[in-house]
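> build me a model:
(one chain, ligands or ions: 1)
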Amino acid sequence: MNEGWIPLEGERDQNFRVRLPSGRSAVFKLCHPEEGEDVILCQAEALEHIAAVDADLPVPRLIRTRDGRPLGRMVHEGAAYPVMLLSWLDGEVLGQNTLSPEALHDLGRMLARLGMALRGYVSAAPAARSLAWDTRHAHRLSPFAVRLAEDERELAQDILERHAAATVPAMQRMRSQIIHGDVHPYNVLIGPTGFIGGIIDFGDMVHGPLILDLANAAADFLSAEADPAETIFEMVRGYRSVTPLEEAEADCLIDLIETRLVMTPLIDALKSASGIRPQGYFETFNSRSMPMIRLLRKIGHQRLRGLIRRAAAYPAIPAGPAPADEQSLTRRRRFMGEKLYVFYDPPLHVVKGEGVWLQDAGGRRYLDCYNNVPHVGHCHPYVTEAIARQARTLNTNTRYLTDQSVEYAERLVELSSEGLSSVVFVNSGSEANDLAWRMAKALSGHRGGLAMDFAYHGVSEAMDAFSPSNAPDHWNAPHVRLLPAPCLYRGVFAGDTDGLGERYAALADPLIAELEAEGFGVAAAIVDSAFMTNGILDAPPGYLEGILRRVRKAGGLFIADEVQSGFGRIGASFWGHRHHRIVPDFITIGKPAGNGHPVGAVITRPEILAHFLKTGPFFSTFGGNNVACAAGLAVLDVIRDEDLVENARSVGDYLRVELKQLMSRHSLIGDVRGVGLATGVELVRDRRTREPAASETTRLLNLLRDEGVLIGSEGKHGNVLKIRPPIVFTRENANFAVAALDRALARL
Ligand code: PMP
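Take a look at the predicted model:
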C-alpha cells in the first residue's frame, strides 16, 4: 500500500484515507472481493443519483476514474479488487458520543432527505441481496436465540415472534425503495457545530420499506446517557418535517426499533457460531442492546407508540372505549348548558361524514338530506386537502398581502352581479349580515329595517332584531318591520293567481310609512331569497323586485342574504337573488362557502364600502385568513368542476316530481315546493283546511331517522319538511329518501 494511506474502519470493505494530487482528501475503497460487481456499481450509481437530486445532502461524492468509469480495478496479492474513490467528508465519526436533541432532530431530517434523494433510483442489485442485518428478515435469526443468556432468550423470542406475526406482514404493504440500510453512529459524521456533517457507507443498501432507515437509526442512536423516549421523539419529528410518516409506519416503529436492537446479540451469536470474532464497535452495540430493550419496555410500548404518533402528527389513540351516548349527553348538558338544542330523541351521535352520508357512533350510515353547510359533500377530499395544505403553509390575516384572500375576493366578484365588486371578509353569516347592516345604516343615514316575517339572519344583537324566528312569541324590535311571507300555499293572497308579486310587495308600503313616521326611516331590507325559515317558499315573480324598488325609493338598501340560497343551492343560478331577477346592494355569504370551515363575507359596491370606511377602520382577525380562503376557493373549484349548480337543478326537479307522486298515497302531504336542492314538503291534517300537522312532522322526522334518512323541519308552524342536502345529492339518493319517506308516512 502507498505511504500516507491511512486505513479506516469498515466491516466488509477496506477503506483508506488518501490525498489526491489536488491536495484534497478522499476515501479509497477496496471493495470486498466476494461482493458482486453489480452491488458495488449500485453504490456508485446511488451516490451519483443523490448528488444529482439533492446536491447539498452531505454524503460522499463519487470521483470517477480518469477515463470516466465509476469503478476502478486493482490487483492486490494476485486478486483483482473493484475500487471506488469517494470525496472525503469533514467531521468526526459520532461513535459513542451522544447527540443533542437538536442534532437528533437534524438527523431525522437528514434521513428523510436521504430517502427522498434515493426515491427515484432504481437498481436490481439491492433487491436481490440477502443481508444478515436486514431487519425484515430478523426472524431468521431465531435459531440463535438459544445461545443468549437464559433471561434474554425469552425476550428475544417474544420480539422475533411479534416481528414475524405482525410487523413483516405490515411491512409488505409499506412504501418501499432502495434505502441506505445501515445508518448507525459509526456511519454518521458530526460537523463542527455539533450537527450532522455527513452520512457515509452505502455498502448495505437494500430495497426495502422506507421506514427501516428511520427505525434502524432510531435503535442505533439510543444511548444510555439520554432519555430514549426523547431520542425517538426528536428523530421522528425531524423526519416528519421533511417526509410525513404513514400511519402504519408510525405504529410499527417501536417494534422495528426493538427488532433492530435484538438483532445485535443474535448476529453476535451467529458470528461466534461460525467462528467469526466480532470486531470494533460491534461490541459496544451488543452490550447495550438488551438493557435498552428492557428500558423501552419499562417506559411501555403504549406510551412510546403514543409519543411516536404525536411526533408524526397523528392523533392519540383513545385510551378506552368511546363513552356511551347517555354519558356524552350528560357531559354535554353539564358543560354546554341544559337547554342547548339537539336534534332527535335520543340524539344522534355522529362520528364521520362522507359525501351525502353521515355515520353514527355505532357505524350506521344516514343519508344527509338536511345539512347545507357541507355544501359539496361532507369532508370533500379536495376541500379538506386544500385546508390542510394551507394550514401547513401559512395562516395569517388580511393586514398582510396574502394571495388566497385576493384570489378568493376576485373569484367571488366574478360570480357576483354587476357593480358588486368589493369583498369584505368575516367569519359567519351573522357577521356578514351585521356588517352589511352597519354599512347600509352608514350610507342611508337611516336606522330602520325590513325583514321577512319568521326570518332568521343571525346571532348578533343587530341580527337578532331581524330574526323573529328566534322568538316567535315575544319578538320585539321597534326599528324593524316584518313583511308578510309571500306564501302561495298559506299567505294572505293564497288561492289568487294574478299580479301576486306586486300585491305581496305592496304590503311593504304601510310598513315603510310607519318606519318613516316613527323617525327610523329605512336603512335596509334583508331577505333570504330561498325563504328557508318561512318553509321554503316559491315567492311569486316580481316580489323581490317590488320590495327592492320600494326600499330604494325610501332611501334604503337591499341585502341579499345568500347564506342559504347562494353557491348554486337553488340550481337555477349561482345566487338566489338572480332567480328573482334583482341586483342587490349587498350579497352576504356564510354557511356553505367553506364547506364547514368558517367563512363569511359581504360583497358590495366599492362606493358603499368606501363610505363605510370613512366612518372608521374595519378589521376582522380571522376574516379572510389564508385557510378560510383556501377552503372557499376549493369549494368554488368543486362547484365548477363537478357542475354542481346544474346538478342541484336537475336532481332537485327530479326529487320534487317523485315527492309529488307520494301525494296520491299520503294525504298528509299538502304541498311540495322549492327550487334546486331546497325543497319544502308541507304536511297538513286536512288538505282543505290546511291545518298544520306539526306533531306528525316531529314524529315523522324520528321515523325517518330510523329509516336512515336525516331531514329537518321548518316554517312558522313547524310542519314543513326541509330537504336541503349537500348539492352533490344524486337521483339515487333522491330515490332512497323518497322510498324512506313513503315507508315512514305509512308507519306514522
Ligand atoms: N342568514 C341565514 C339566512 C341563515 O340561514 C343563517 C344561519 N342559519 C345565518 C344568516 C347566520 O349564519 P351563521 O350561523 O353563520 O352566523
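
> only C-alpha atoms from now on, for both contacts and neighbour counts.
Fine.

> pLDDT weak spots in this protein?
1-3, 11, 278-285 (pLDDT under 70).

> now the helix or strand containing I40: buried residues?
I40 belongs to helix 37-53 when assigned by DSSP states H and E. By neighbour count on 16 or more other CA atoms under 10 Å, the buried set for helix 37-53 is 39-51, 53.

> look through the protein and tell me its longest helix.
Counting residues, the longest helix found in the chain (DSSP state H) is helix 247-273.

> picking that back up, contact partners of the helix holding I40?
For helix 37-53, contacts defined as CA atoms under 8 Å, 6 or more residues apart in numbering pick out 31, 57, 59-62, 70-71, 82, 84, 114, 117-118, 121, 123, 125-126, 202-203, 205.

> got it, and stretch 497-508?
With CA under 8 Å, 6+ apart, stretch 497-508 has contacts from 483-484, 486, 493, 539-544, 546-547, 550.

> strands - which of those land there?
Among the contacts of stretch 497-508, the members found in strands (DSSP state E) are L483.

> want to try CSV for the contacts of stretch 497-508, with distance to D561 as columns?
Shown next, in CSV, are these (distance: CA to CA, whole Å):
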residue, distance to D561
L483, 15
P484, 17
P486, 17
F493, 25
A539, 15
P540, 18
P541, 18
G542, 18
Y543, 16
L544, 12
G546, 17
I547, 14
R550, 18
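
> need the max-distance pair from the contacts of stretch 497-508.
F493 and R550 (19.9 Å; CA to CA).

> following the longest strand along the chain, which helix or strand comes up?
As assigned by DSSP E, the longest strand anywhere in the chain is strand 79-87. Later in the chain than strand 79-87, the nearest helix or strand by DSSP H and E is strand 92-93.

> neighbouring strands of that following strand in the sheet, and parallel or not?
Partners of strand 92-93 in the sheet, by DSSP bridges, are strand 188-190 (antiparallel).

> can you list contacts of the helix or strand that the strand it pairs with is followed by?
Next helix or strand after strand 188-190 toward the C-terminus (DSSP H and E): strand 196-199. Residues outside strand 196-199 that contact it (CA under 8 Å, 6+ apart): 57-60, 89-91, 103, 106-107, 110, 183, 187-191.

> try it again at 6 Å.
Strand 196-199 is touched from outside by 58-59, 91, 187-191, with contacts defined as CA atoms under 6 Å, 6 or more residues apart in numbering.

> name every strand pairing with it and say which way it goes.
strand 188-190 (antiparallel).

> please point out which parts of the strand it pairs with sit buried.
188-190.

> as CSV, the residues you listed with distance to P617 would be great.
Formatted as CSV, the buried residues of strand 188-190 follow (distance: CA to CA, whole Å):
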residue, distance to P617
V188, 57
L189, 57
I190, 55
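
> and this structure, which residues reach the ligand?
428-430, 456-458, 528, 561, 563-564, 590-591 (CA under 6 Å from any ligand atom).

> farthest-apart pair in the residues you listed, please.
Using CA to CA, those span at most 15.1 Å, a distance reached by S428 and D528.

> on that earlier part again, in helices, which of the residues of the chain next to the ligand appear?
Per DSSP H, the subset of the residues of the chain next to the ligand in helices is 429-430.

> of all the residues of the chain next to the ligand, which comes closest to E691?
Y456 (23.9 Å).

> and that closest one, how many neighbours?
By the criterion of other CA atoms under 10 Å, Y456 has 25 neighbours.

> got it, and the one 3 residues further on?
Here the count is done by other CA under 10 Å, and V459 has 18 residues near it.

> distance check, it against D434.
Per CA to CA, to the nearest Å, V459 is found 9 Å from D434.

> one more: P347?
For P347, the distance to D434 - CA to CA - is 32 Å.

> comparing those two, which residue is more hemmed in?
When P347 and D434 are compared for neighbours, D434 comes out ahead with 23 against 13, by other CA under 10 Å.

> helix, strand or coil for the more buried one?
helix (DSSP: H, G, I helix; E, B strand; the rest coil).

> where does the stretch 151-300 of the chain get nearest to the ligand, which residue?
Minimum separation of the stretch 151-300 of the chain from the ligand (CA to the nearest ligand atom) falls at P244, amounting to 34.2 Å.

> in the stretch 51-200 of the chain, which spans are helices?
Taking DSSP state H, counting those that start in this stretch as the test, the helices found in the stretch 51-200 of the chain are 101-118, 125-128, 150-162, 168-171.

> comparing these, which comes out most buried?
helix 101-118 (a mean of 23; mean count of other CA atoms under 10 Å).

> just the residues contacting that helix, thanks.
The contact list for helix 101-118, computed with CA under 6 Å, 6+ apart, reads 50, 53, 195, 234-235, 238-239, 243.

> where along the stretch 251-400 of the chain do the helices fall?
Going by DSSP H, counting those that start in this stretch, the stretch 251-400 of the chain shows helices at 282-299, 301-311, 325-336, 381-393.

> got JSON lines for these, with mean neighbour count too?
Below are these laid out as JSON lines (neighbours: other CA atoms under 10 Å):
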{"stretch": "helix 282-299", "mean neighbour count": "16"}
{"stretch": "helix 301-311", "mean neighbour count": "19"}
{"stretch": "helix 325-336", "mean neighbour count": "12"}
{"stretch": "helix 381-393", "mean neighbour count": "16"}
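
> could I get those as JSON lines with distance to N371?
Below are those laid out as JSON lines (distance: least, CA to CA, whole Å):
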{"stretch": "helix 282-299", "distance to N371": "46"}
{"stretch": "helix 301-311", "distance to N371": "33"}
{"stretch": "helix 325-336", "distance to N371": "22"}
{"stretch": "helix 381-393", "distance to N371": "17"}
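
> now V681: which helix or strand?
Assigned by DSSP H and E, V681 falls in strand 678-683.

> which SSE is immediately downstream of that strand?
helix 694-706.

> what sits up against that next one?
For helix 694-706, contacts defined as CA under 6 Å, 6+ apart pick out 718-719, 744.

> quick one: those as a markdown table, columns for neighbour count, secondary structure and distance to L507 too.
Shown next, in a markdown table, are the contacts of helix 694-706 (neighbours: other CA atoms under 10 Å; DSSP: H, G, I helix; E, B strand; the rest coil; distance: CA to CA, whole Å):
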| residue | neighbour count | secondary structure | distance to L507 |
| --- | --- | --- | --- |
| G718 | 21 | coil | 24 |
| N719 | 24 | coil | 25 |
| A744 | 19 | helix | 39 |
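
> all helices for the stretch 451-600 of the chain, in order.
Going by DSSP H, counting those that start in this stretch, the stretch 451-600 of the chain shows helices at 461-464, 500-505, 508-517, 543-553, 576-579.

> can you point out the buried residues in the longest one?
Residues of helix 543-553 classed as buried by neighbour count (16+ other CA under 10 Å): 543-552.

> format the helices of the stretch 51-200 of the chain as a markdown table; extra columns: distance to G535.
Formatted as a markdown table, the helices of the stretch 51-200 of the chain follow (distance: least, CA to CA, whole Å):
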| stretch | distance to G535 |
| --- | --- |
| helix 101-118 | 57 |
| helix 125-128 | 67 |
| helix 150-162 | 61 |
| helix 168-171 | 54 |
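
> rewinding a little: tell me which of the contacts of strand 196-199 is nearest to Y370?
For the contacts of strand 196-199, the nearest to Y370 is P58 (57.0 Å; CA to CA).

> Three-state assignment for H207, please.
Under three-state DSSP, the three-state class of H207 is strand.

> surely it meets P126?
Yes. Using CA atoms under 6 Å, H207 is in contact with P126, at 5.3 Å.

> name the nearest residue to whichever residue of the stretch 601-748 of the chain sits closest to the ligand, sequence neighbours excluded.
As assessed by CA to the nearest ligand atom, the ligand sits closest to A601 within the stretch 601-748 of the chain, at 10.3 Å. Once flanking residues are discounted, A601 sits nearest to F425: 4.3 Å by CA to CA, 6 or more residues apart in numbering.
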